[in-house]
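Colleague: Quick one, fold the following:
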Amino acid sequence: MRIKEIMNKALVVDHDISLKEAAAIMSEKNIGGVVAVKNGKIIGIISEKDIVKNVDKINKKISAVMSKNVVTIDEEEDLDEAAMLMKKNKIKRLPVTREGKLVGIITSTDLIANCDELNEEFLFD
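Modeller: Numbers count the residues shown, from 1 in each chain. Okay, here's the model as predicted:
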């Protein structure tokens, strides 16, 4: 199964918003993370865990605490590749690209929901 078949729309935010604004957006949309962009390019990702760990910096810009070395995956890759990347990089959210442009996101929850499509080595390692 290809990533594009199960990916979700990624919620994109400007890198200049505050942690407080990001938290409000994530709460309103009931999601666990957002992708930060600058001039249309992915420059980071911020999760609810990042916000909780930095609650004392709630009025700071997300760029101060977001994960900056964002791992991405092409929408044509299969779920096993996504699982391998997420496991290797110890991440729960993986932005999906098409020709280098953000088109969606896949999460560990998406992989679990489609675990019957995964190679068994990812489930029992």
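Colleague: which residues sit in contact with residue 45?
Modeller: For residue 45, the contacting residues are 33-36, 66-67, 70, 93, 95, by Cβ atoms under 8 Å, 6 or more residues apart in numbering. (Each C-beta comes from the backbone N, C-alpha and C, glycine too.)
Colleague: May I have the beta-bridge partners of the residue nearest the centre of the chain?
Modeller: Nearest residue to the geometric centre of the chain (Cα atoms, centre = their mean): residue 93, 3.2 Å. In this entry, residue 93 is beta-bridged to residue 107, by DSSP bridges.
Colleague: For stretch 10-23, buried residues please.
Modeller: Buried residues in stretch 10-23, counting neighbours by 16 or more other Cβ atoms under 10 Å, are found at 10, 13, 15, 17, 19, 21-23.
Colleague: Need the residues that contact that stretch.
Modeller: Against stretch 10-23 from outside (Cβ under 8 Å, 6+ apart): 25-26, 29, 31, 34-38, 43-44, 46, 48, 50-51, 54-55, 57-63, 65-66, 95-96, 102-105.
Colleague: go with 6 Å
Modeller: Outside stretch 10-23, the residues that touch it by Cβ atoms under 6 Å, 6 or more residues apart in numbering are 34-38, 43, 46, 51, 58-63, 95, 102, 104-105.
Colleague: Mark which of these are buried, thanks.
Modeller: For the contacts of stretch 10-23, buried by 16+ other Cβ under 10 Å: 34-37, 46, 51, 61-63, 95, 102, 104-105.
Colleague: Quick one: the strands in the chain, in order.
Modeller: Along the chain, counting by DSSP state E, strands occupy 12-14, 33-38, 41-47, 73-74, 93-98, 101-107.
Colleague: CSV for these, including mean pLDDT?
Modeller: Converted to CSV, the strands of the chain look like this (pLDDT from 0 to 100):
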stretch, mean pLDDT
strand 12-14, 94
strand 33-38, 94
strand 41-47, 94
strand 73-74, 97
strand 93-98, 96
strand 101-107, 95
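Colleague: Which pair in the buried ones among the contacts of stretch 10-23 has the greatest spatial separation?
Modeller: Pairwise distances across the buried ones among the contacts of stretch 10-23 (Cβ to Cβ) peak at 24.8 Å, for the pair 61 and 104.
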